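Peer 1: Here's my sequence, what's the structure:
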Amino acid sequence: MPIITQAGLSATLRHPGLFAYNPWVLRRAAALLDRAAFKPASLPNDLITGIALAPPVIAGLVIFKVPATEMLAVALALGAAGQIAAYWLWRKHIPRTQASPLIAAVFGVALVGVGAGLITSIEIAVLAVVLELLRSRYIPAIRAQTGLFAYACVALVTRGAPFVYVNPASGKAFGDPISIWFHFFSPASAPIDPIRLYVGNVPGPVFATSMLAVAIGAAWFAYARRVSIVVLVSFLLGALVPIYAFHWDYAFQLDSGPMWFVAALLLSDRRLLPGSWAIRPVLGFGAGLLAVGLRRNGYGIEASFFAVAGVQAVMAVFVLVFWGGSLWSQRWKRTRLLKQREANLRVVKSVPRAG
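Peer 2: Residues are numbered from 1 along each chain as shown. So this is what the prediction gives:
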């Protein structure tokens, strides 16, 4: 049996044909793991969001299996294509435009029901990528998740195409828990065991049914200092108002993975919030009030999606108004300075003529 010496082992490790050893890759991976464990806020923004999305996505793959895998593949493929397109189009742009079409596509598809079919997922992913590229290139001041906007637009245009949910146990079409509660049970009842809701083995959005998975993702988000606790608490207070007013079951109404998916990972994201600290609790309280209060009118879990999308749309409108006003003010000042310059030149030219 040949004896392996230390020198021979070192030579073997250095030989690229015998052992794929790259110390730079190992050092890079170790540095990323160290930052993720002790300094998560220093990681790239997209990586932080991707890690927060990982638990709900994994839970969706476990619960819905093959359909969830197909929907995730669609989102990743179209999102990656958008990411490559952004890099290729703006590779010479300085500063480089920061676009996140991959994250936007995953967010949009995450809210789709498994029974909706791949066509709906493709439509939402494509629209999310296009909106994200346009936002990041032309109006980066808008702080909104374009994946949520894409979902809301497709749902409104198709009159609820993404709202087709499937029972994970039987694989047949079935209503979401809030819809079943509203149509077939009394207001104070809880038709589904809260533990089952918490695990997420219920009909609903493909990557947002599990409250447990959403809680893990939100905990990581908070650890990375990306969650606004003020907005999250104000959202909870707003949600408690209709529950108390209509005498509903607290555990059943609040134990909703889809609602906290958009509340914790989208609405409470510091990057997507306005800079004013005074308006943040107002946004959170209003979104929570609408997300739960609209259930009295027969709206299901989709009320949370549209409430948060509406809040971000209102903020986007304000940004566009202020941005347009700023451009008009700058153009007006520039025009006034040009007119003053022309007047001064006319005065200077008239002096020699008078002499």
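
Peer 1: going forward, measure contacts between C-alpha atoms and count neighbours the same way
Peer 2: OK.

Peer 1: all strands of this structure, in order?
Peer 2: Secondary structure of the chain (DSSP state E): no strands present.

Peer 1: where does it have low pLDDT?
Peer 2: The model of the chain has pLDDT under 70 over residues 1-22, 25, 32, 34, 93-97, 323, 347-355.

Peer 1: Could I get the buried residue list for stretch 163-179?
Peer 2: Going by neighbour count (16 or more other CA atoms under 10 Å), the buried part of stretch 163-179 is 163-168, 173-179.

Peer 1: just stretch 48-61 next, same as before
Peer 2: Neighbour count says stretch 48-61 has 48, 49, 50, 52, 53, 54, 55, 56, 57, 59, 60, 61 buried, by 16+ other CA under 10 Å.

Peer 1: wait, isn't the fifth one in contact with residue 217?
Peer 2: Looking back up the chat, that one is residue 53. Yes. At 6.2 Å, residue 53 counts as touching residue 217 under the criterion of CA atoms under 8 Å.

Peer 1: Same list, the buried residues of stretch 48-61, but as JSON lines with distance to residue 130 please.
Peer 2: Formatted as JSON lines, these follow (distance: CA to CA, whole Å):
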{"residue": "48", "distance to residue 130": "22"}
{"residue": "49", "distance to residue 130": "19"}
{"residue": "50", "distance to residue 130": "19"}
{"residue": "52", "distance to residue 130": "23"}
{"residue": "53", "distance to residue 130": "21"}
{"residue": "54", "distance to residue 130": "23"}
{"residue": "55", "distance to residue 130": "26"}
{"residue": "56", "distance to residue 130": "24"}
{"residue": "57", "distance to residue 130": "23"}
{"residue": "59", "distance to residue 130": "28"}
{"residue": "60", "distance to residue 130": "25"}
{"residue": "61", "distance to residue 130": "26"}
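
Peer 1: just the helices in the stretch 251-355 of the chain please.
Peer 2: In the stretch 251-355 of the chain, the segments counted as helices under DSSP state H, counting those that start in this stretch are 257-262, 280-293, 302-354.

Peer 1: and those as TSV, adding distance to residue 190?
Peer 2: Output for the helices of the stretch 251-355 of the chain, formatted as TSV (distance: least, CA to CA, whole Å):
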stretch	distance to residue 190
helix 257-262	16
helix 280-293	15
helix 302-354	19
